[in-house]
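Enquirer: Whatever this is, show me its structure:
(2 chains)
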Amino acid sequence: MLSFIALLVGSSLWIYLSVKASWERSLLREERQAISTARSVLEMSPKGRGDYGYLTVNVMFLATENGRIVYHTSAMANTGYIGFVLQDGETREYEGDKAWQSKDDREFKLVTHPMWANNHPYRVTVAVELTPMLDNLAFLRAILLTTLAASVLLSAAVGYLMAGSALSPLGRMAEKARRINADNLSERLPVERLDEELRVMASAFNQALERLEESFERLRAFTANVSHELRTPLTAIKSVGEVALRSNGDSGRYRDAIGSMLEEADRLVRLVEDLLTLSRAEAHRLPQAARPGDLNEVVRSVADTLQVLADEKGQSIRLELSPSLMCRFDEATMRQVFINVLDNAIRFTPAGGSIRLVTSSDGGRDAIVDCLDEAPVIPEEDREKIFHRFHRRDASHSASGGNGLGLAISKWAIELNGGTISFDEAPVRGNRCRITLPMS
Amino acid sequence: MRILIIEDEVKVTRALAEGLKAEQYDVVVSHRGEDGFALLCAYGFDLVLLDLMLPGQDGLSVLRAIRERGSSIPVLILTAKDAVEDRVRGLEAGADDYLVKPFAFSELTARIKALSRRGKAEYAPRLSCADLDMDCSSRTISRGGVPLSLTTKEYELLEYLARRQGSVVSRDMLARDVWKIERRATPLDNVIDVHMARLRRKIDEPFERKLLKTIRGVGFVLEG
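Expert: This next block holds a predicted model:
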C-alpha cells in the first residue's frame, strides 16, 4: 500500500521533472538562437537605430550602446519591455539572468550579455517568454496531482475493502469469543466460510472450548457429588443423634447410636482426606518418596493382604510374576494403587471366579502389571470414566463403603510416578487393568 | 501422671481433658501458647499435648522454646495440617510424636502410653488375658489349656491387642501398626474386619467367655 503510493508519487515526479527539463532545454535553445540572431543583426547593421523585428518575429532582443537602445525587435517591443527600459534605464545596471513580468502578466526571462560587434560595445538583452511553459507545467502539475490523489485514495479504498473482507471473519470470531463465558460454554465459533488458516484456528479454539466445557461440566458434577457425599453421613449423624436423644433408652442403646454416629464421622473424615489427596495430586503436590524397588514385591504383598477378601467370595488370586521389576516408585502410593485395583477386581468378579495378577516388562523400558478379572466387561465408552471422581460402576458400590475416589486418586498417583493406568478387555473374558511404570 | 494440653479449641480440650481424666491422668488445659509455656515453666508436667495452630505464639515456637529451655519433656503435637512438611518441621523442632486431627481418642491414649513408657524396655515374652495365654517367643497360644492355631496375621493381630488389652484399638492403628499401611482405605477396613471375624471365630466362638469386643465406631478391645 505505502510502496504503491511511493511508486505513484515517484513516477509522477519523474514525469513532471523530465517534461520540465525538456521545456527548459528548448527555452535555452531559443535563447541561444536569439543571441546568435542578435549578433548577426548587429554585425550586419551599421551603427544606429534600426528595427529588424519583421525579420524574426519570434526572436526578442534589444541592443543598447552606452545605455541607449540601438536595436530591438518588434516582438521585443510587443512585450512592453522597451518602455520599461526607457523609463528605468535598467539595462545598464546588470548582466546575466533576470525574470520579468510584462504588464499583461506574461513571464519573461531576460538575459543580458555584453557583445562586441561591428566595432561597437553593445549590450544585448534577449527575452524568452516563459508563460507557455509555465502554463503547461502548471497544467501538468494539476493533472499529475489530481491523478496521484485519485489513485492514492482509490488504492487506499481498495486496500481497506480488501483487508476488511479478510478481517471480518476474525472480527466475528473475536466478537463471539468475547461473549463466551461459564454460562454458555456450549457455544462454538462459526467455522464455515473461512479460509484454510482461519478454519484451522477456529476449530482449534472450538476444541479447546470443548475440553473446557467437559472439565467444567465434570467440576460441576464433582461439586454436586461432594455435597451429596457430605450430606449423606451428615444426615445420618443428625438423625441418629436426634432419635437417640428423644428416646429414653438404656446405655446400650445410646452406645449404639454414638457408635453409629462415629462411623459416619469416620466416613466424612476419609472423604475429606481423599479429596485433599486428590487436590494435592492435581496440584502436583502429592508427597512422593520414590525409591528403587521391586514392583513384584508390592504386588505380592498386596495380593497377600487382600487374599482374605477373595477367600470370603471363594475366589482365587493367581500371581504370575516376572523375575524382577526394578522401578523407582513411592511404595505407599503404589501399594494403595494396587489395593484399589485388586479390590475392584475382587468386588466385581463373581463368587468362585479367579483373578490373575501378571507382571512383565516391556523390553526393559516399562514395568507392566496386569490385573485380569472375570467381571462383566466394562463398555468401551466407560473405560475412561472409571477414573473420574465419584464414578460408580454400579449402585452397590456405594453400599460397599467406597467413596468413588479410589481409582481417581490411583490414576493421579500413577501418573505422578511417570506411569499409566487403563482398562481394556481381557483376552479371554473380563477386564484387564494395565498399570505401567518406567523401569530404572 | 500430669498432662498439659495446649489447644485453643474449647470443645476439643473439654473432650480430651474429660477422656484423659477418666484414664486416671491429671490434666491441665491452656488455650494460648504463651500461657501454656508459662504453666510448663512453673509446674512440673510429665507430658505435653501441643496444638500447632494456636492464636498468638504458635505451637512450633512454643515447642522450640521448651527445647531451648533444655527440657526433654515428651511432646505430642496435634495438627490439623495434614501436610508432611508440618509434621517434619514439628519433629525437627523436637516433638516426640504427632497426631493428625481428626484422631481417634484411643489412638491418643495409645500414643501417650507409648511416650510415657519410652526408655523403659517393656517386652513381656508371655501375655495372658483371662484364660488366654500367649507365648511370644514360640508364637503359640492356648485358651483354657487348649492350643489354638492362628495364621501369621491373626497372631500379629492378637498380640497387638493383647499388649494393649483393656484399651480400645482403632482400625487406623491396626492398619498402620499391623498391616504397615499408612493410608487407610475402605478395602483395608474390610480386610481388618475379615481377619477380626476369623480371629474371633478361633479364640472366642468355642468358649463361653468372650474376650474380643467390637466397639462400634471406634475399634476393638481385648478384655478379660
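Enquirer: Tell me, how many residues neighbour B:Leu99?
Expert: 17 (other CB atoms under 10 Å in any protein chain shown). C-beta coordinates here come from the backbone N, C-alpha and C atoms, glycine included.
Enquirer: Can you tell me the SS state at it?
Expert: strand (DSSP: H, G, I helix; E, B strand; the rest coil).
Enquirer: I'd like the distance from it to B:Ser106, if you could.
Expert: For B:Leu99, the distance to B:Ser106 equals 11 Å [CB to CB, to the nearest Å].
Enquirer: Need the overlap of contacts for these two.
Expert: Here B:Leu99 and B:Ser106 have no joint contacts, going by CB atoms under 8 Å, 6 or more residues apart in numbering or on different chains.
Enquirer: What residues of the helix-or-strand element of chain B with minimal mean pLDDT count as buried?
Expert: Of all helical and strand segments in chain B, the minimum by mean pLDDT, DSSP states H and E falls on helix B:84-92, at a mean of 79. Going by neighbour count (16 or more other CB atoms under 10 Å in any protein chain shown), the buried part of helix B:84-92 is B:86-87, B:89-90.
Enquirer: mind checking which helix or strand the residue positioned nearest the centre of chain A is in?
Expert: Using CA atoms, centre = their mean, the residue of chain A that lies closest to the mean C-alpha position is A:Met201, 9.1 Å off. In this structure, A:Met201 sits in helix A:196-246 according to DSSP states H and E.
Enquirer: Show me what the mean pLDDT comes to for that helix.
Expert: The pLDDT scores in helix A:196-246 average 86.
Enquirer: distance between it and the chain's centre?
Expert: The chain centroid and the centroid of helix A:196-246 are separated by 32 Å under CA atoms, centre = their mean, to the nearest Å.
Enquirer: ok, and does that helix reach over to chain B?
Expert: No - Helix A:196-246 stays clear of chain B (CB under 8 Å from any CB of the partner chain), getting no nearer than 10.4 Å.
Enquirer: what ranges do the strands span in the chain?
Expert: You didn't pick a chain, so chain A it is. Counting by DSSP state E, chain A has strands at residues A:60-65, A:68-72, A:96-101, A:107-117, A:120-129, A:290-294, A:316-320, A:326-330, A:354-361, A:366-372, A:420-425, A:431-438.
Enquirer: please go with chain B instead
Expert: Using DSSP E, strands in chain B cover B:2-6, B:26-30, B:47-51, B:75-79, B:97-100, B:126-129, B:132-135, B:140-143, B:146-148, B:169-170, B:212-215, B:219-222.
Enquirer: Turn the ones you listed into CSV, columns for mean pLDDT.
Expert: Listed next are the strands of chain B as CSV, based on pLDDT from 0 to 100:
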stretch, mean pLDDT
strand B:2-6, 93
strand B:26-30, 92
strand B:47-51, 93
strand B:75-79, 89
strand B:97-100, 88
strand B:126-129, 89
strand B:132-135, 92
strand B:140-143, 92
strand B:146-148, 92
strand B:169-170, 90
strand B:212-215, 92
strand B:219-222, 93
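Enquirer: closest one to chain A among those?
Expert: strand B:212-215 (6.9 Å; CB to the nearest CB).
Enquirer: Give me the sheet partners of that closest one and which way each runs.
Expert: Neighbouring strands of strand B:212-215 in its sheet, by DSSP bridges, are strand B:219-222 (antiparallel).
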